[in-house]
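Asks: Just to be clear, the model below is a prediction. Sequence and coordinates:
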Amino acid sequence: VIAQGQLPTTVGCLVSNVETLRNIYFATLGKPVTRRTLTCIGEVREPSVVIARVGMSIGDVISECGGVLVEDLAVIVGGPMMGYVEKDLNSPITKTMTGLIVLPQDHFLVRRKTMPMSWVVKQSKAACCQCTYCTELCPRYLLGHELYPHKIMRNINFGLDVPPEVIENAFLCSECGLCEVFACPMDLSPRMVNHAIKTSLTEANYRPQLTIKNQQSRVNDLINRKIPVSRIKERLHISRYDRKEIKSVVETNPKRVEILLKQHIGETSIPVVREGDLVEEGILIGEIPSGSLGARVHASISGRVTLVNNERVIIKG
């Protein structure tokens, strides 16, 4: 078990996803990342696996899947548990996106993810019964991490004193969402509270010491408290969109891409092209700042650069 506050490398393990490993292989051949394979499902005519060009719009990806089946829609970028809501269909595809879930704007999942933090706190103060289910089912707690969501809620809701490290340990939360989707009988969101704490402390440039000695995994509880995926899908009201087989794989060839210069951890890339330049697919358009952590950015289509600023590069084919 990986100790809290540590990375898989501390136990001699590398964790990555298939596409990242594939891109690493292509990098050894000198091929940059210009495409992203993602799933587009939900209220679309033809749910598909799409090989999207980096920088093409979310709306263009949806069009490649036959268009939408509802008028007022919202898109969840990523998965249903940890993804975020994007209502602007002109937003560009990035190198880190994994999927698009197109839903009606009044869908339960959209309303849940767009709930203001002030509402979350008010609901918690009114309804939290301190049952501790959010802690008992928390995957991080079951790994032996010192994360106690119910104690954090106790402090937020009632102003009761808890040790400072209990609040600081909100940084251990992976924001998987199991507490809000399944554990809490009052339909509250410890996940959002933890996220707000992490955001507030990070903005204050505060990073707590999270490592502990003699961490003990709660192995039997971890095995016995796993939640069936089918139940989670029912709670999220997305079972109807579950497709066991998606036969369509869509290649894309957009005429315009808007490539963000920050799609990654670290510093924003520095543009190395100018407006009016002709570029070929795969050419470098954003370089890592000297001495900084970051990632290069490359053109995903061939064409003319029509806009360059500190945030993005637009290319028209």
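Replies: All right, it came through fine.
Asks: Tally up the residues packed near the residue lying closest to Cys173 once chain neighbours are set aside, please.
Replies: The shortest distance from Cys173 to any non-neighbouring residue, by CB to CB, 6 or more residues apart in numbering, is to Asn194 (3.9 Å). Placement of C-beta: from N, CA and C, glycine included. Counted with other CB atoms under 10 Å, residues neighbouring Asn194 total 25.
Asks: Can you check my assumption that Asn194 lies in a helix?
Replies: Yes. Assessed with DSSP: H, G, I helix; E, B strand; the rest coil, Asn194 lies in a helix.
Asks: ok, it touching Met153?
Replies: No. Asn194 is beyond contact range of Met153, at 9.5 Å (criterion: CB atoms under 8 Å).
Asks: before we move on, the earlier item: list the residues that contact the residue nearest to Cys173.
Replies: 149, 152, 170, 173, 175 (CB atoms under 8 Å, 6 or more residues apart in numbering).
Asks: of all those, which two lie farthest apart?
Replies: Based on CB to CB, the longest span within those runs between Ile152 and Glu175 and measures 13.2 Å.
Asks: So which of those two has more stuff around it?
Replies: Each of Ile152 and Glu175 has its neighbours counted (other CB under 10 Å); Ile152 has more, 23 against 16.
Asks: Could you tell me whether the more buried one really is in a strand?
Replies: No. Assigned with three-state DSSP, Ile152 falls outside any strand and is helix.
Asks: follow-up on the earlier one: can you tell me which of the contacts of Asn194 is nearest Leu109?
Replies: Nearest to Leu109 among the contacts of Asn194 is Glu175, at 15.0 Å by CB to CB.
Asks: hey, where'd the strands end up in the chain?
Replies: Secondary structure of the chain, counting by DSSP state E: strands at 35-42, 48-53, 73-77, 84-86, 99-104, 249-251, 256-260, 270-271, 278-279, 284-287, 297-298, 303-308, 312-316.
Asks: what about the residue nearest to Gln215 when sequence neighbours are not counted, neighbour count?
Replies: Leaving aside its chain neighbours, Gln215 sits nearest to Gly144 (4.4 Å; criterion: CB to CB, 6+ apart). Residues lying near Gly144 (other CB under 10 Å) number 19.
Asks: Let me see the contact set for Gly144.
Replies: So Gly144 contacts 1, 4, 215-218 (CB under 8 Å, 6+ apart).
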